[in-house]
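Student: everything below, folded, please.
(one chain, ligands or ions: 1)
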Amino acid sequence: MNKKRVLSGTRATGKLHLGNYLGAVKGYIALSEDPEYETFYMVADLHSVNTPYYPKDFPKKVRSVVLDYLGAGLDPEKCTIFIQSHVPQHIQLFYLLSTQVSVARMQHLPTYKEKVKQYPKDVNMALLNYPVLMASDILIYKADAVPVGVDQLPHLEVAREVARKMNEKYGTDFPEPEQFKTDGEYVPSLTGEGKMSKSVEGSYITLVDSLETIKSRLASTPTDSGKGDIKEGLFFSQESMKEASVPEDLVPSNGVGSLMKFVELFQGKEKRKEYESQYEGEGVRYGDLKNELSEAIYKHLEPIQERRKKFEDDPKLVEEILQGGAQKARKVAEKTVTEVKAAMGLI
Ligand code: TYM
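Tutor: Modelled structure (predicted):
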């Protein structure tokens, strides 16, 4: 049977947070357990050096993502786990694909504009090329499905365009990759503004947080009186939706909206409904809500942390997993590069 392929990745910017886990890694796991798919998951180290970073800390950050993957439940027997730069073919294909992408197209991507605002003194070529390298990551495995959160959709669209252009111009056979969605494809920030993100302090809970830390992080989520018109309290503002270019029903505009989303994700839809009726009735006691929610989140994270610790204590095993993963990935990647070079007339 010809299996469908999957590729996804995470930048090495620190510990994975609930956004990464619910929006992406849960999807990685689901697909790796489906025998119809052959799955490749990488740490996108090359994608992490286009904004300021500390080389000395970097190896630890890269390994930390691998440990988060393994802790979260990715099974190296069922999927290929590797480090992006260990498969140099990604860069070879990236260059060839970049012939199909205009500079203007890259300059107009919302993620690029965001980074330019964030790091006005570090606007480099790698940043502009980011989506083309991402297209290469995906297309080199001829991936059909890509588990990512909504923030990555503009990049996925670039990969689709590149696949189409390459197929039309050079007769290659790249599938047009599609997003694999999870319930957490948009995890809001604990601050109630925008999405959970590593670059916004106070916005996230990491996979390795203790119960105390989770409680203290949730303590700072802003709330309201707990009583009133549900549309005002829990609904979504047009402004934040536009900013994040996210579908209307996915963006909570305030802390209460974020809390409700977390209740839904960790305690279920019924629990959310309970709070909504309390909101319109006797009122919600946010202290109790936050305590219960913290416990529910921690209950979910505890086995992840235990598994992570086991791998952390066995660096040799982790090294073996990465070497085996890179070897497997390189084999597939090399084949695609050879095909594309031939199709483009390179000898
Ligand atoms: P990165 O490292 O920013 O995020 C990793 C994954 O986590 C998802 N994510 C979220 N999902 C829901 N809610 C959130 N608040 C949230 N925050 C992050 C992201 O959508 C992503 O799926 N460019 C990618 C890395 C990459 C890649 C690839 C991904 C490089 N090459 C090829 C897929 C395929 C990135 O920066 O993800």
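
Student: the ligand contacts on the stretch 151-300 of the chain?
Tutor: Asp151, Gln152, His155, Gly184, Glu185, Tyr186, Val187, Lys195, Met196, Ser197 (Cβ under 6 Å from any ligand atom). Backbone N, C-alpha and C define where each C-beta goes, glycine included.

Student: secondary structure element for the fourth one?
Tutor: Following DSSP states H and E, there is no helix or strand that holds Gly184.

Student: so how far is the ligand from the nearest residue to Leu96 once chain neighbours are set aside?
Tutor: Excluding the flanking residues, the one nearest Leu96 by Cβ to Cβ, 6 or more residues apart in numbering is Val340, at 5.6 Å. Taking Cβ to the nearest ligand atom, to the nearest Å as the measure, Val340 falls 17 Å from the ligand.

Student: again, but for Gly268
Tutor: On the measure of Cβ to the nearest ligand atom, Gly268 and the ligand end up 19 Å apart.

Student: do you know the pLDDT at that residue?
Tutor: Note on Gly268: pLDDT of 95.

Student: tell me how many other residues surround it.
Tutor: Neighbour count of Gly268, defined by other Cβ atoms under 10 Å: 12.

Student: name the residue of the stretch 51-200 of the chain that lies nearest to the ligand.
Tutor: Gly149 (2.3 Å; Cβ to the nearest ligand atom).

Student: tally of neighbours for that residue?
Tutor: 22.

Student: and it, what does it touch?
Tutor: By Cβ atoms under 8 Å, 6 or more residues apart in numbering, Gly149 lies in contact with Gly19, Asn20, Gly23, Ala24, Gly184, Glu185, Tyr186, Val187, Lys195.

Student: do that again at 10 Å, thanks
Tutor: 19-20, 22-24, 27, 179, 181-182, 184-187, 195-196, 246 (Cβ atoms under 10 Å, 6 or more residues apart in numbering).

Student: which among those count as buried?
Tutor: Among the contacts of Gly149, the ones that count as buried by 16 or more other Cβ atoms under 10 Å are 19-20, 22-24, 27, 179, 182, 184-187, 195-196, 246.

Student: can you tell me which of these comes closest to Gly345?
Tutor: Ranked by distance to Gly345 (Cβ to Cβ), the buried ones among the contacts of Gly149 are led by Gln179 at 33.0 Å.

Student: dig out what that closest one forms beta bridges with.
Tutor: Val146 (DSSP bridges).

Student: what's the burial count for the closest residue to Ser8 other than its chain neighbours?
Tutor: Leaving out its chain neighbours, the residue that sits closest to Ser8 by Cβ to Cβ, 6+ apart is Pro147, at 4.9 Å. Residues lying near Pro147 (other Cβ under 10 Å) number 25.

Student: wait, Pro147 touches Phe40, no?
Tutor: No: using Cβ atoms under 10 Å, Pro147 is not in contact with Phe40; the gap is 11.2 Å.

Student: so what sits against both of the two?
Tutor: Residues touching both Pro147 and Phe40 (Cβ under 10 Å, 6+ apart) are Val6, Leu7, Ser8, Tyr28, Ser32.

Student: just to revisit the earlier point, now the residues of the stretch 151-300 of the chain next to the ligand in CSV, with pLDDT and secondary structure?
Tutor: Below are these laid out as CSV (pLDDT from 0 to 100; DSSP: H, G, I helix; E, B strand; the rest coil):
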residue, pLDDT, secondary structure
Asp151, 93, helix
Gln152, 96, helix
His155, 96, helix
Gly184, 92, coil
Glu185, 92, coil
Tyr186, 93, coil
Val187, 94, coil
Lys195, 92, strand
Met196, 95, coil
Ser197, 94, coil
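
Student: low-confidence regions, this structure specifically.
Tutor: Scanning the chain for pLDDT under 70 picks out the ranges 1, 229-253.

Student: how about the strands in it?
Tutor: Ranges of strands in the chain, per DSSP state E, are 4-11, 37-44, 80-83, 145-147, 178-180.

Student: contacts only, for Lys3.
Tutor: Taking Cβ under 10 Å, 6+ apart, we find Lys3 in contact with Asp34, Pro35, Glu36, Tyr37, Glu38, Thr39, Asp144.

Student: quick check: the farthest pair among the shared contacts of Pro147 and Phe40?
Tutor: Leu7 and Ser32 (11.8 Å).

Student: the lengthiest helix in the chain packs against which elements?
Tutor: Counting residues, the longest helix found in the chain (DSSP state H) is helix 315-343. Counting contacts by 3 or more Cβ pairs under 10 Å, 6 or more residues apart in numbering; DSSP states H and E, helix 315-343 is packed against strand 4-11, strand 37-44, helix 58-72, strand 80-83, helix 89-98, helix 125-139, helix 153-170, helix 286-312.

Student: what's the distance between Lys299 and Leu211?
Tutor: Lys299 sits 9 Å away from Leu211, going by Cβ to Cβ, to the nearest Å.

Student: which one of those two is surrounded by more residues?
Tutor: Just comparing Lys299 and Leu211: by other Cβ under 10 Å the higher neighbour count belongs to Leu211, 14 against 11.

Student: tell me the contacts of the residue lying farthest from the centre of the chain?
Tutor: Taking Cα atoms, centre = their mean, the residue of the chain most remote from its mean C-alpha position is Glu282, at 38.4 Å. Glu282 is in contact with Gly226, Lys227, counting by Cβ under 10 Å, 6+ apart.
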